[in-house]
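[1] Have a look at this prediction, sequence included:
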Amino acid sequence: MNTALMYVYIGFGGAAGACLRYFLTTTVDSWFGKHIPFGTLTVNVLGSFGLALLYGFIERHDIADSPYRLLIGVGLFGAFTTFSTFSIETLTLLENGLWFKALLNVLLNVTACLVAGWIGIELMKG
């Protein structure tokens, strides 16, 4: 597959994932309120589940790696939530018996993302 076509698949999937994320987040938040980010939790959990299913189908050779990995895995779930990628990477470490690296991955991702978010907020306060 040529490079330009790869980006087309990723772009279409990304557009769909971003729209789906917005729709689900705003819908769930309208049901439960924004005091706890259930909308974000919903997309993170669904994205993790969906990406795991996709990679399971690819590993079992039920569907071809490309273009589905690009369209759905990179594009759709990449725009829907990057938490899905984090989950698959951590689970892969666990499946390979790399418990320390999996724990370190969890701690670094959660801590670093929270700190980066806090720094971004503080910088924008002026």
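    Alright, I've got the coordinates.
[2] Correct me if wrong: L93 contacts K101.
    Yes. Counting by C-beta atoms under 8 Å, L93 touches K101, with 4.9 Å between them. Placement of C-beta: from N, CA and C, glycine included.
[3] Please identify which of the two sits among more neighbours.
    Legend: neighbour count by other C-beta atoms under 10 Å for L93 and K101, higher for L93 (18 against 15).
[4] measure that one to F57 for me?
    Noted for L93: a distance of 21 Å to F57, by C-beta to C-beta, to the nearest Å.
[5] D29 too?
    31 Å.
[6] what do you get for C113?
    Taking C-beta to C-beta, one finds C113 at 29 Å from F57.
[7] May I have the residues that are in contact with T81?
    21, 43-44, 46-48 (C-beta atoms under 8 Å, 6 or more residues apart in numbering).
[8] As a check, name the ranges of all strands in this structure.
    Per DSSP state E, the chain carries no strands over any range.
[9] can you give me the helices in it?
    Using DSSP state H, the helices found in the chain span residues 3-32, 38-59, 68, 77-80, 83-95, 99-124.
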